[in-house]
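S.K.: build me a model:
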Amino acid sequence: IGKKPIRHEISRKLDSCLIIIKTGSLDSNRVCGNVAKYIKKVVVIGKYKTHYGTSLRKIVKRIEISQHVKYTCSCGKTKMKRQAVGICHCSSCMKMVAGGAWTYTTTSALTVKSAIRRLKEFKDW
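M.R.: Residues are numbered from 1 along each chain as shown. Predicted structure coming up:
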């Protein structure tokens, strides 16, 4: 008779983190139902919660995002995906490419490619 209906309150929306608090009803100083139930939608580093410090979690976030992203293959499709450490595989043309541990190419490979391109242009000149 004295029960209030359960209501949902959206407390705040942080960057990609939605917290919904489910408030239960009160019946003669006794709590009925779920008082605080949290539903969180977290980013890729949400599994670390507050452990390891902010700067380390930011580094891990950058690495894990580059690790799970799909790259553009030489066939023109965005199907190149990391298969193992240093190996990327295109599911469209079945080509395998060796690259960096977490990325498609390394920074040293990019400098070598640009040096080769520059030498070829100088030779043609």
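S.K.: may I ask you to confirm that Tyr48 is in contact with Lys58?
M.R.: No: taking contacts as Cβ atoms under 8 Å, Tyr48 lies outside contact range of Lys58: 10.9 Å. C-beta here means a position set from N, CA and C on the backbone, and glycine is covered the same way.
S.K.: if you count what's nearby, which of these two comes out ahead?
M.R.: Tyr48 (14 against 11; other Cβ atoms under 10 Å).
S.K.: find the nearest non-adjacent residue to the more buried one, please.
M.R.: Of all residues beyond its chain neighbours, the one nearest Tyr48 is Arg57 (5.6 Å), with distances taken as Cβ to Cβ, 6 or more residues apart in numbering.
S.K.: now that neighbour: which helix or strand?
M.R.: Counting by DSSP states H and E, the element that carries Arg57 is helix 54-68.
S.K.: can you pull out the helices in this structure?
M.R.: Counting by DSSP state H, residue ranges of the helices within the chain are 54-68, 107-124.
S.K.: for Met94, find the nearest of those helices.
M.R.: Judged by Cβ to Cβ, the one of the helices of the chain that comes nearest to Met94 is helix 54-68, at 20.7 Å.
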